[in-house]
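Chemist: pasting the structure only:
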């Protein structure tokens, strides 16, 4: 008879506690988005549910919710695509070519990414203001590319490093140049890693708040996190119902993407050590 081990039970209990810790705030957000009177400090009988808050954020032109959502999708998509493209080229160079100081370059990129956003945003505002880019897409796209580039580079270096060099040698024998090897051999093989990296870069850009708050002024370029944070009702009250409805509407696509591609995302974050 095997002795009883409490480890599986403790693991299950810990997993349930973590699950509740993550899901209870989300459930509260969903419940508030459907509540007719979302102010729970007010005494009320029962919980009346309504779709009014969702109707308001989608139809009220003064809220500009759809404008914020469009801005976020465009800015995040372009930023993620550019960052992944640059990171793919850099990862190819670092893993396939003989250059000195590869580790120093990677750790230098990592060190540059450790600077907090708040220490850079004032200088970034001065630069964008001098260029006349305040409240435009480029004012956010360029900082976002630089912000997600270190993460993208590290993930793609780990993917490219695991692709055998024999594929490069075989392609060179067939007469392929370096760019042809990258386009016809390396990128197709590393497509799952590139897709995973794009998703992570997109989510990071989509959720960014500080740069979007400082570098935008209205709905023409403001992204959804800032737009929701600045929702305001009549006489300055906070419209919790609309805020929670907008948050649910915005969160669901990101949650769906994460659940659908969670295996690739986790694989991208936990890929083995860099070779070379």
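Modeler: In hand now; what should we look at? All figures in this text were calculated on a predicted structure; none of them were measured in a lab.

Chemist: for whatever helix or strand residue 27 lives in, packing partners?
Modeler: Element membership of residue 27, judged by DSSP states H and E, is helix 7-34. Applying 3 or more CB pairs under 8 Å, 6 or more residues apart in numbering; DSSP states H and E, one finds that helix 7-34 makes contact with helix 52-59, helix 240-260. No exception for glycine: its C-beta is placed from N, CA and C like everyone else's.

Chemist: Mean pLDDT lowest where, among these?
Modeler: Comparing mean pLDDT over the helices and strands packed on helix 7-34, the weakest stretch is helix 240-260, at a mean of 85.

Chemist: buried set for it?
Modeler: Of the residues in helix 240-260, 240-250 count as buried by neighbour count, 16 or more other CB atoms under 10 Å.

Chemist: Which single one of those is nearest to residue 92?
Modeler: residue 250 (35.0 Å; CB to CB).

Chemist: residue ranges of the helices in the chain, please?
Modeler: All helices of the chain, identified by DSSP state H, fall at 7-34, 52-59, 65-96, 102-113, 121-131, 137-161, 165-173, 178-181, 187-189, 191-207, 210-215, 224-229, 240-260, 262-270.

Chemist: rank those helices by pLDDT, which is bottom?
Modeler: helix 262-270 (a mean of 66).

Chemist: buried sites along stretch 80-95?
Modeler: Residues 80, 82-84, 86-88, 90-95 are the ones in stretch 80-95 that count as buried (16+ other CB under 10 Å).

Chemist: quick revisit: now distance to residue 28 too, for the buried residues of helix 240-260, in JSON lines please.
Modeler: JSON lines is the format used below for those (distance: CB to CB, whole Å):
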{"residue": "240", "distance to residue 28": "11"}
{"residue": "241", "distance to residue 28": "13"}
{"residue": "242", "distance to residue 28": "16"}
{"residue": "243", "distance to residue 28": "13"}
{"residue": "244", "distance to residue 28": "9"}
{"residue": "245", "distance to residue 28": "13"}
{"residue": "246", "distance to residue 28": "15"}
{"residue": "247", "distance to residue 28": "11"}
{"residue": "248", "distance to residue 28": "11"}
{"residue": "249", "distance to residue 28": "16"}
{"residue": "250", "distance to residue 28": "16"}
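
Chemist: From these, pick the one nearest residue 63.
Modeler: residue 242 (7.0 Å).

Chemist: Please verify my assumption that that closest one contacts residue 232.
Modeler: No: shown here, residue 242 and residue 232 do not form a contact pair, counting by CB atoms under 8 Å, at 9.7 Å.

Chemist: Now do the same contact list for residue 126.
Modeler: If you count contacts by CB atoms under 8 Å, 6 or more residues apart in numbering, residue 126 has none.

Chemist: buried residues in the helix holding residue 27?
Modeler: Buried residues in helix 7-34 (16+ other CB under 10 Å): 29-30, 32-34.

Chemist: repeat for stretch 163-178
Modeler: Quick answer for stretch 163-178 (16+ other CB under 10 Å): 163, 168, 171, 176.

Chemist: Now do the end-to-end distance for it.
Modeler: Counting by CA to CA, to the nearest Å, you get 15 Å between the two ends of stretch 163-178.

Chemist: Kindly report the same for stretch 230-243.
Modeler: The first-to-last residue distance of stretch 230-243 comes to 9 Å (CA to CA).

Chemist: Other residues contacting that stretch?
Modeler: By CB under 8 Å, 6+ apart, the residues outside stretch 230-243 that reach it are 32-33, 35-36, 38-39, 52-53, 56-57, 63, 222, 228, 246.

Chemist: domain ranges for the protein?
Modeler: 1-50, 54-270 (automatic domain parsing).

Chemist: just the buried members of the contacts of stretch 230-243?
Modeler: The buried subset of the contacts of stretch 230-243 - by 16+ other CB under 10 Å - is 32-33, 35, 38, 53, 56-57, 63, 222, 228, 246.

Chemist: from these, which single one is nearest residue 75?
Modeler: In terms of CB to CB, no member of the buried ones among the contacts of stretch 230-243 lies closer to residue 75 than residue 222, at 10.0 Å.
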